[in-house]
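> Requesting a structural model of the entry that follows:
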Amino acid sequence: MKNILLLIVITTLFTGCDFGPPATLNEDFVHYNLINKDLPFTKLIGKYKLDKDSKVRYNIPDSLDFYIELGVKNKKDTFLNANRYISPLDRSIIDERLDDIKIMYYENGKDINSLNRKLIGTGNISVYTRKQDSVLALYVYTPPTSIKKNDSIIYLNGDYLRYIKVD
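Coordinates of the predicted model:
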């Protein structure tokens, strides 16, 4: 138990750094933690859709829809579903459903984490809100990585995928 807690604390400290380009964290959105309002998990429950800006930055065809759904089952177990996702290792599109991924929500830091690393990688999901209309958004961190393409290695900076709440 101590090892798991230590791992969570270290992961949270490491992922608290902003490695991504400033364009992804634009001024239209603000981290919910900076608002100093309570945000119970019940307000996060719903469906989130990947926005167009993220699709452009990750070279995702506009015809592909990416969704994340947050929910609760058995009145206590929080979960995440996704219809497809971006691999945090090589940024490729994985056309595989993720169902009932157990997640942990840290209400004081407004962050979501999971021991399942398929979607989140070594990072976490941060909760943001859009200033103009207070719509919630989830920022899924993708860590810096290198990929091999045409016999050369390409280094990619850390970045975020932004999912905006649609219901």
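
> Please make it C-alpha for all contacts and neighbour counts, starting now.
Will do.

> What ranges does this structure have for its strands?
29-31, 46-50, 67-73, 77-82, 85-86, 93-94, 98-102, 104-106, 111-113, 125-130, 136-142, 145-149, 152-156, 159-165 (DSSP state E).

> Partner strands of the second one, with direction?
This points to strand 46-50. Under the criterion DSSP bridges, strand 46-50 sits next to strand 67-73 (antiparallel), strand 159-165 (antiparallel) in its sheet.

> Now find how far off-centre the last one is within its chain.
So the one you mean is strand 159-165. 6 Å (C-alpha atoms, centre = their mean, to the nearest Å).

> Show me what counts as buried in it.
159, 160, 161, 162, 163, 164, 165 (16 or more other C-alpha atoms under 10 Å).

> Quick check: which of the strands of the chain is buried the most?
strand 136-142 (a mean of 24; mean count of other C-alpha atoms under 10 Å).

> which other residues reach that one?
With contacts defined as C-alpha atoms under 8 Å, 6 or more residues apart in numbering, strand 136-142 is touched by 44, 48, 88, 120-130, 158-165.

> Could you check the angle that strand makes with strand 46-50?
50 degrees (axes from the mean of the first three to the mean of the last three C-alpha atoms, to 10 degrees).

> Relative to strand 136-142, what are the paired strands and their orientations?
strand 125-130 (antiparallel), strand 159-165 (antiparallel).
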